[in-house]
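> The following block contains a protein sequence and its predicted model.
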Amino acid sequence: MGIEIEKKFLVTNDSWKTQVYKTTRMAQGYLNDMNAMREGTQKASVRVRIAGEQAFLNMKSRELGHTRQEFDYEIPVADAEALLKLCVGGLIDKRRNYIKHDGFIWEVDEFLGDNQGLIVAEIELPDADAVFERPAWCGAEVTDKIRYYNLALAERPFAQWTAEEKAAC
C-alpha cells in the first residue's frame with residue numbers, strides 16, 4: 001500500500017507548455033460513482049486508466065485533502081478496455097504533461113471531451129510538510145475542492161458547470 005500526498009492547483013496561463021518534457025494521452029473511468037463516495041457506502045474510488053501503452057487498476061481512499069491511501073496495479077490493456085465499458089458516469093479523456101520544476105515533477109492535465117477547457121496541475125510530495133516552489137503558471141489551490149477530482153468530473157464534467165464555477169478557473 002502506498003500513501004499519496006498530492007496537491008492540486010488551477011493553471012493560470014500557457015507558459016507551462018515550454019517546460020513539458022513528456023506528454024501521455026490518458027483515458028480513465030470509474031467503477032463506482034460519486035454518490036457511493038458521498039453516502040459513505042464505498043470508502044475508495046476504483047479507477048481504470050489507460051496511459052499510452054500501459055493500463056492500471058487504481059484504488060484511492062476517499063479522504064478529503066492531500067493525503068490518501070493508494071493502490072495501483074498494472075493490468076493488460078485489453079482488460080482495461082473491457083473494464084472501461086463497465087464504468088459508471090462519463091470517461092475522462094486528457095493529456096498529462098510532465099514538467100520538472102525545483103526538484104519536483106508536476107503533472108499538468110489538459111482535459112479533453114466534456115471537460116475541454118479545464119487545466120489542472122498536480123504535485124506529489126514526499127511528506128505533508130514538504131516545501132515546494134510554485135511555478136509562475138500555478139494558480140489557486142483546489143486540493144480540497146471535490147468538483148476538481150477526476151471522479152467528480154466523470155459524473156459532472158466541466159461542460160456542465162455554471163458560468164460562476166467556470167469563472168473560478
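Perfect, I can see it now. These numbers come from a predicted model, not from an experiment.
> same for the lengthiest helix in the chain, what does it pack against?
When the chain is parsed with DSSP state H, its longest helix is helix 77-84. Helices and strands in packing contact with helix 77-84 are listed as strand 20-30, strand 44-51, strand 54-61; criterion 3 or more Cβ pairs under 8 Å, 6 or more residues apart in numbering; DSSP states H and E. Heads up, the C-betas are built off the backbone N, CA and C, glycines and all.
> I92 is nearest to which of those strands?
Closest to I92 of those, according to Cβ to Cβ: strand 20-30, at 4.7 Å.
> Against which helices or strands is the helix or strand just after that closest one packed?
Scanning forward in sequence from strand 20-30 by DSSP states H and E, the next helix or strand is helix 34-39. In terms of contacts (3+ Cβ pairs under 8 Å, 6+ apart), helix 34-39 is packed against helix 150-155.
> Pull out the buried positions in the helix it packs on.
For helix 150-155, the neighbour count (16 or more other Cβ atoms under 10 Å) marks 150-155 as buried.
> before we move on, back to that, tell me which of the helices and strands packed on helix 77-84 sits most buried.
Among the helices and strands packed on helix 77-84, strand 44-51 has the highest mean neighbour count (mean count of other Cβ atoms under 10 Å), at a mean of 20.
> Next, the angle strand 20-30 makes with it.
130 degrees (axes from the mean of the first three to the mean of the last three Cα atoms, to 10 degrees).
> Give the pairing partners of strand 44-51; include direction for each.
Strand pairing for strand 44-51, determined by DSSP bridges: strand 20-30 (antiparallel), strand 54-61 (antiparallel).
> Alpha carbons of the very next helix or strand once past the longest helix of the chain, as CSV, please.
Note on helix 77-84: by DSSP H and E, the next helix or strand toward the C-terminus is strand 88-101. Output of strand 88-101 as CSV, limited to C-alpha atoms (Å, rounded to 0.1, in the frame of the first residue of the first chain):
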residue,chain,number,x,y,z
VAL,A,88,-20.3,4.5,-14.5
GLY,A,89,-20.6,8.1,-15.4
GLY,A,90,-18.6,9.5,-18.3
LEU,A,91,-15.0,8.7,-19.2
ILE,A,92,-12.1,11.1,-18.6
ASP,A,93,-10.0,11.9,-21.6
LYS,A,94,-6.9,14.0,-21.0
ARG,A,95,-3.3,14.7,-21.9
ARG,A,96,-1.0,14.6,-19.0
ASN,A,97,2.1,16.8,-19.4
TYR,A,98,5.1,16.3,-17.2
ILE,A,99,7.2,19.2,-16.1
LYS,A,100,10.3,19.3,-13.8
HIS,A,101,10.4,22.3,-11.5
